[in-house]
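1. I would like to see how this sequence folds:
(2 chains)
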Amino acid sequence: MTHVDAGHGHIEELLAGYALHALEGEDAEEVERLLLEHVPGCTACRAALDDFQNLTGDLALAAPPVEPPDLMLPRLRRSLAAPPVGRGRRVAVWVAAAAVVVVAALSGWSFLLNGRVSTAERRQAALSRMIGTLMGENGSQMVRLHTGKETAPATPPAAPAPVEMGGPSVLITYQPGVRHIWFFGMGVPQPAPGDVYEIWLGREGLFVPSGRFVPGQDGFVEVFVAADLSQYDEIAVTEEPEGAPSATPSGEVRWDAFVYP
Amino acid sequence: MPPPGGWLGPKVSALALGFRVRSEARATEDRASDWYKGRVREENTHDLRLYRRLRSRDAAAFEELFRTYAPAVLGLALRVLGQRGLAEEVVDDTFLALWRAPEVFDPSRGTLRTFVLSLAHHRAVDTVRREERLRKRTANPVNLDPCEGEDIAEDVVEKAWLTERRTQVREALSALPQEQREVVELAYFGGRTQVEIAGLLSVPLGTVKTRTLAAMRKLRRALEEEER
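-> Numbers count the residues shown, from 1 in each chain, chains lettered A, B, ... in the order given. A predicted model of the protein is given here:
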């Protein structure tokens, strides 16, 4: 059993509600922030979250089991080989926690909480990181995201898509096999009032929520996602309502890119 | 070289060294607990083997996973949704999600069993929230009595384990004070948010949170003790 000290009582309360999938409003926002900023670095909170998540799995056994219909397994078996219909926006949920997605945004949520970082400082730091990723580390790759939903080509494109001059520029850098993705945006417009942007990592139509952000007033975005992009085949950004975390991409796809091994 | 705890033995050494040794004793207990947890997880070789085979895209592993857990997943989904068609969709979604992205399960953080069921629970609650019309149904607390014919779909090995665990979970839920059990059941099986539960029970949101945490701590403790 995990013991969480009294100072963490409030967090543990939120984690319990989160594991039950029972939070909304400010509580949902707060736990989302904690999952991104505090829990990954706090052994006690990580253990408490794991304990509660496992407990919510066990609670299912309180319901009587029901034998599935005979045709269900053969139907599913046929689905295994078939590609996802229309690249459906299904999400493997066990939480942001399962993907262990950590977002450290100098713009967006964290920046709102830490206004001490000046625009110039964060830009400089972000550009240094981007250049360092591209030039200093073996195997680094860059992917430019297209505006709107991309149609998956049958084969990887021979050359990168042309840069759209004048519009927002959104790209990521990553190293295959390393749980580091840097997400950069320049000239990114503010989302509609009451909305935020949400990053999704997808594989064969399954999407995992991987962080939310709101660009700075200058349209600059830098988000770190602790995930290995080579495990996925698509990255997308949607506009989602602020508040309770989205379980599935429900809003308009603003940027999208397919990732090829 | 002196034995662990010194030549005078751990008790005398503890008296002599005071707080530092007590701290070490606590640390030893923590390590023992960690060791125990690790051992429990190691014993779950069936699920780990299954997981590895799933990651290697072994269709037979998928079928084994389905046969092992589909009855529990369907039972849960039916309890949350109260509608067979939607519940079967949750089963489909849960197992296909695992097939398509098995790497979202992290064996170091729990068992495949609890992961599968937790995933199914999230899907069922997401579905019930989308289907607003289902909100018209009355709150339906879980029936903790064993059902006739349950476990029929599970093979012998899993049947024993799942049946035993099911009994433990039901006993742990039944042992909760009514007001704590109520908030957990409304959230878990009713798909209600804590804000909704506060409204339904006409109690402050803080009370719902406090009762929920107290219930979750008791359940966690009870089920961990059962595992020992």
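2. Figure out the helix or strand that residue B:68 lives in.
-> Here residue B:68, judged by DSSP states H and E, is contained in helix B:59-81.
3. Quick check: what element follows that helix along the chain?
-> helix B:84-100.
4. buried stuff in the helix holding residue B:68?
-> B:61-66, B:68-81 (16 or more other CB atoms under 10 Å in any protein chain shown). From N, CA and C alone the C-beta is placed, and that goes for glycine too.
5. close to chain A, is it?
-> Yes - under the criterion of CB under 8 Å from any CB of the partner chain, chain A is reached by helix B:59-81 at B:59, B:62-63, B:66-67, B:70-76, B:78-79.
6. Right, and chain B sits closest to which residue of chain A?
-> Per CB to the nearest CB, residue A:57 is where chain A lies closest to chain B, at 2.7 Å.
7. what's near enough to touch that residue?
-> Counting by CB atoms under 8 Å, 6 or more residues apart in numbering or on different chains, residue A:57 touches B:110-111, B:113-118, B:121.
8. how does chain A divide up, domain by domain?
-> Using automatic domain parsing, the domain ranges for chain A come out as A:6-60, A:90-258.
9. near chain B, which residues of the stretch 101-250 of chain A show up?
-> Within the stretch 101-250 of chain A, the positions lying close to chain B (CB under 8 Å from any CB) are A:203-206, A:208, A:231, A:247-248.
10. Who wins on neighbours among those?
-> Neighbour counts for those (other CB atoms under 10 Å in any protein chain shown) peak at residue A:206, which has 27 neighbours.
11. My understanding was that it contacts residue B:99; is that so?
-> No - taking CB atoms under 8 Å as the definition, residue A:206 is not a contact partner of residue B:99, at 9.6 Å.
12. Just the buried residues of stretch A:62-74, please?
-> Of the residues in stretch A:62-74, those buried under the neighbour-count criterion (16+ other CB under 10 Å) are A:62-68, A:72-73.
13. measure it end to end?
-> 28 Å (CA to CA, to the nearest Å).
14. and it with chain B, contact?
-> Yes - under the criterion of CB under 8 Å from any CB, stretch A:62-74 makes contact with chain B via A:62-69, A:72-73.
15. Do a quick rundown of the helices in chain B.
-> If DSSP state H is used as the criterion, the helices of chain B fall at B:9-17, B:19-43, B:45-55, B:59-81, B:84-100, B:112-130, B:156-174, B:178-188, B:194-201, B:205-227.
16. quick one: pLDDT of the residue of chain B found nearest chain A?
-> Per CB to the nearest CB, residue B:114 is where chain B lies closest to chain A, at 2.7 Å. The predicted local distance difference test score for residue B:114 is 89.
17. For the closest residue to it other than its chain neighbours, what is the enclosing helix or strand?
-> Computed as CB to CB, 6 or more residues apart in numbering or on different chains, the closest residue to residue B:114 that is not its neighbour in sequence is residue A:57, at 2.7 Å. Secondary structure here is read from DSSP H and E; on that basis residue A:57 sits in helix A:43-59.
18. now the angle from that helix to helix B:156-174?
-> Put simply, helix A:43-59 runs at 110 degrees to helix B:156-174, going by axes from the mean of the first three to the mean of the last three CA atoms, to 10 degrees.
19. domain assignment for chain B?
-> According to the domain assignment given by automatic domain parsing, chain B is divided into the following structural domains: B:9-41, B:45-133, B:173-228.
20. Would you agree residue A:207 falls within a strand?
-> Yes - using DSSP: H, G, I helix; E, B strand; the rest coil, the assignment for residue A:207 is a strand.
21. Okay, it and residue B:167: tell me how far apart.
-> Taking CB to CB, to the nearest Å as the measure, residue A:207 and residue B:167 are separated by 37 Å.
22. Equivalent analysis for residue A:249, please.
-> 40 Å.
23. Which one's more surrounded, the two?
-> residue A:249 (20 against 14).
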